[in-house]
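Chemist: Sequence first, predicted model second:
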Amino acid sequence: MSGFYRLSGGRILDPSCGRDEVGDLFVADGRFVDPASLPAETSWEWIDASGRIVAPGLIDAHVHLREPGEPQKETIASGTHAAAAGGFTAVVAMPNTRPPADQPNTIGWIRERAREHGIVRVYPTGCLSEGRKGEKLAPLASLRAAGVVALTDDGSCIQDAGLMRRVMEYAAMLDLPILEHCEASSVSAGGVAHEGYWSTVLGLRGWPSLAEEIIVSRDILLAELTGARLHCQHLSSAGSVRLVREAKRRGVRVTAEVTPHHLALTDEALADYDTSFKMNPPLGSEADREALREGIVDGTIDFIASDHAPHCSFEKEVEFDRAPFGVVGLETMLAVAAETLVKTKLLDWPGLVARLSTIPARILGVPGGSLAAGAPADLAVIDPNLQWTVNPEAFLSRSRNTPFAGWEVQGRVMLTMVGGKIVWRL
Ligand SMILES: NC(=O)N[C@@H](CC(=O)O)C(=O)O
Ligand SMILES: [Zn+2]
Ligand SMILES: [Zn+2]
């Protein structure tokens, strides 16, 4: 078993019970413990946490690990190392792999691979439709039996409203959340940049916010009808925030996430045609960014997720129109979120930690998000003041496609522990 650690003098933040105090946190045999329950002669390995935040391990509910099938972009090993460096102790893996994770044996393979090569917890998701084609249901009950924590066709979404209704009925029965990539493909078709001022000025094919909003509103109606747990991924538009806010007020079971890049950037960043700013959904307008920040502050948007989407540089170093959509995020998420939400005083540290750990754990129904005695010792030690420059060459991820290269940021993960084992230390 792992050792006995005493993290001393840190600001202990546990949003699951509102704890925020300077003190010592104890870990023994892989779990958080109350030292009073152990013999007085127990010898602890001290970890100085003074001036730092001791938080429950961060949980990223939206990560592309690219295994099986595209190990040149990322593997379970490299992706979980990047996660650990970002303070994450658990990640939810998207099923748009090759082959897509639409069969129980693929889920089994991912879980085994994660046990062997993963250094943080990996929770697999399964496809909603066979091959992510949006035509036929995937074997949802068998996927659940194989251990998926949620269902999603991320990368695209089921266009057929009738099929989606059936999917929701099954998901409700199986009590699995649906993580929806909200995109009406007939509306986004051919688009590469948010339809607006910048797409016009730059001559890039527009992608209207409507593509997202149509599916958000359709799925809210279907969730209301079926009682399914709908979670809208990577929200990007002010209109979507309004739709989710109204639905929550009506009592619909809907939750949502936003990425650090949609909180930090706007489509103005496309002015140099740099494909590091090309992602799905595209960066929105200033008004969209404003609404997303309001949404994450008032709880309309429940949590932040990276949508870590690694791609090789040779794929990204092409004309804007031809580059794949997606940016990496695991190693910059905490700092970029702190820059956009804490430095701006929109949230305090407990508020941010809740949205990076406690809330995603609750919504996905996975362990973690708490420092309670007895729970597995998954934690992150954060230096909120450390200034650093984002250098993609230093990433542990296999890919470098970040929109934040060269950013001067504040806030860094100094140590990450999973089940009492130190998996990252700066
Ligand atoms: N977000 C992206 O731009 N790309 C993701 C797919 C997705 O999350 O929709 C990918 O798998 O590359
Ligand atoms: Zn998506
Ligand atoms: Zn994704």
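Modeler: Cool, the structure landed. Ligands and ions are numbered 1, 2, ... in the order given.

Chemist: Verify the stated contact: residue 114 with residue 79.
Modeler: No - Residue 114 is not in contact with residue 79 according to C-beta atoms under 8 Å; the separation is 9.8 Å. C-beta here means a position set from N, CA and C on the backbone, and glycine is covered the same way.

Chemist: buried sites along stretch 239-252?
Modeler: Under the neighbour-count criterion of 16 or more other C-beta atoms under 10 Å, stretch 239-252 has 239-241, 243-245, 247-248, 252 buried.

Chemist: From ligand 1, how far out is residue 262?
Modeler: To ligand 1, residue 262 is 11 Å away according to C-beta to the nearest ligand atom, to the nearest Å.

Chemist: err, residue 415, not the other one
Modeler: Separation of residue 415 from ligand 1 (C-beta to the nearest ligand atom) stands at 29 Å.

Chemist: isn't that residue right up against residue 53?
Modeler: No - contact criterion C-beta under 8 Å: residue 415 and residue 53 do not qualify, at 11.1 Å.

Chemist: any common contacting residues for those two?
Modeler: When contacts are counted by C-beta atoms under 8 Å, 6 or more residues apart in numbering, residue 415 and residue 53 have residue 381 as shared neighbours.

Chemist: circling back to that earlier point, out of residue 114 and residue 79, which sits in the busier spot?
Modeler: Using other C-beta atoms under 10 Å as the criterion, residue 114 and residue 79 rank with residue 79 on top: 33 against 23.

Chemist: where's the more buried one, which helix or strand?
Modeler: Using DSSP states H and E, residue 79 maps to helix 76-85.

Chemist: The helix or strand following that helix and ligand 2, any residue contact?
Modeler: Downstream of helix 76-85, the first helix or strand assigned by DSSP H and E is strand 88-93. No - Strand 88-93 is not in contact with ligand 2 by C-beta under 5 Å from the ion; minimum separation 12.7 Å.

Chemist: In terms of secondary structure, what does the very next helix or strand once past strand 88-93 contact?
Modeler: Using DSSP H and E, the helix or strand that directly follows strand 88-93 along the chain is helix 104-117. Judged by 3 or more C-beta pairs under 8 Å, 6 or more residues apart in numbering; DSSP states H and E, the packing partners of helix 104-117 are helix 76-85, strand 121-124, helix 140-146.

Chemist: what residues does the chain put near ligand 3?
Modeler: Residues of the chain lying close to ligand 3 (C-beta under 5 Å from the ion) are 154, 307.

Chemist: residues near the residue nearest to residue 127 when sequence neighbours are not counted, how many?
Modeler: Closest residue in space to residue 127, ignoring its immediate chain neighbours: residue 102 at 3.8 Å, by C-beta to C-beta, 6 or more residues apart in numbering. Using other C-beta under 10 Å, residue 102 has 25 neighbouring residues.

Chemist: before we move on, what about residue 189?
Modeler: Residues near residue 189, counting by other C-beta under 10 Å, number 10.

Chemist: Find the residue at the geometric middle of this structure.
Modeler: Taking C-alpha atoms, centre = their mean, the centroid of the chain lies closest to residue 305, which sits 2.5 Å from it.

Chemist: Next up, phi/psi of that residue, please.
Modeler: According to degrees, to the nearest 10, the main-chain angles of residue 305 amount to phi -140, psi 150.

Chemist: And the pLDDT for the residue nearest to it when sequence neighbours are not counted?
Modeler: What sits nearest to residue 305 in space, not counting adjacent residues and going by C-beta to C-beta, 6+ apart, is residue 62, at 3.7 Å. Here the pLDDT value assigned to residue 62 is 99.

Chemist: One more: residue 40?
Modeler: The per-residue pLDDT reported for residue 40 equals 89.

Chemist: re the thing from before, which of the buried residues of stretch 239-252 sits closest to ligand 1?
Modeler: Set against ligand 1, the nearest of those by C-beta to the nearest ligand atom is residue 240 (14.7 Å).

Chemist: Residue 383 touches residue 409, doesn't it?
Modeler: No - if you go by C-beta under 8 Å, residue 383 and residue 409 don't touch, sitting 11.8 Å apart.

Chemist: Please look at the residue nearest to residue 305 and residue 94 and confirm they touch.
Modeler: Yes - counting by C-beta under 8 Å, residue 62 does reach residue 94; the two are 6.8 Å apart.

Chemist: Give me the common contacts of the two.
Modeler: Common neighbours of residue 62 and residue 94 (criterion: C-beta under 8 Å, 6+ apart): residue 154.

Chemist: Of the helices and strands packed on helix 104-117, which is nearest residue 356?
Modeler: Proximity to residue 356 (C-beta to C-beta) singles out helix 76-85 among these, at 12.2 Å.

Chemist: Residue 155 versus the nearest residue to residue 68 once chain neighbours are set aside, what's the distance?
Modeler: The shortest distance from residue 68 to any non-neighbouring residue, by C-beta to C-beta, 6+ apart, is to residue 97 (5.3 Å). Distance check for residue 97 against residue 155: by C-beta to C-beta, to the nearest Å, it reads 10 Å.

Chemist: same thing with residue 122?
Modeler: From residue 122 across to residue 155, the span is 18 Å (C-beta to C-beta).
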